[in-house]
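Asks: Turn this into a model:
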Amino acid sequence: MAGKGKYRKVPINENGFDSDDGEDDFIQKQIRNQRMQLKKQDEGLEMLSMSASRLGELSMNIHTELEDQNRYVKLFSLQDCKNISDFKS
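Replies: The predicted structure is shown next:
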């Protein structure tokens, strides 16, 4: 019984939604806020990643330095033992 022309067209805004402008503004604000938060998180994670890389390099340098020092200690200890035994002989 509905004849042609009894239904009115629902206007659709530029985003493809048929909601009120106030609701669209709220949704758009929420989307912008989420994007800003994600960007800040990404920046923070990038800084954290760079710091972790620097700490990793630093710890590897410390490891190498300690290995070298341990070799020198063993070498000098062996030489001292030899010198002491040579001195006693």
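Asks: Give the residue spans of the chain that score low on pLDDT.
Replies: Where the chain drops to pLDDT under 70, the residues are 1-21, 83-89.
Asks: 90 - rerun?
Replies: Applying pLDDT under 90 to the chain flags the ranges 1-25, 74-89.
Asks: Next, count neighbours for residue 24.
Replies: Residue 24 has 15 neighbours, counted by other CB atoms under 10 Å. From N, CA and C alone the C-beta is placed, and that goes for glycine too.
Asks: now the helices for this structure?
Replies: 21-88 (DSSP state H).
Asks: show me the contacts for residue 50.
Replies: Residue 50 makes contact with no residue, according to CB atoms under 8 Å, 6 or more residues apart in numbering.
Asks: if I look at residue 72, how far off is residue 79?
Replies: 10 Å (CB to CB, to the nearest Å).
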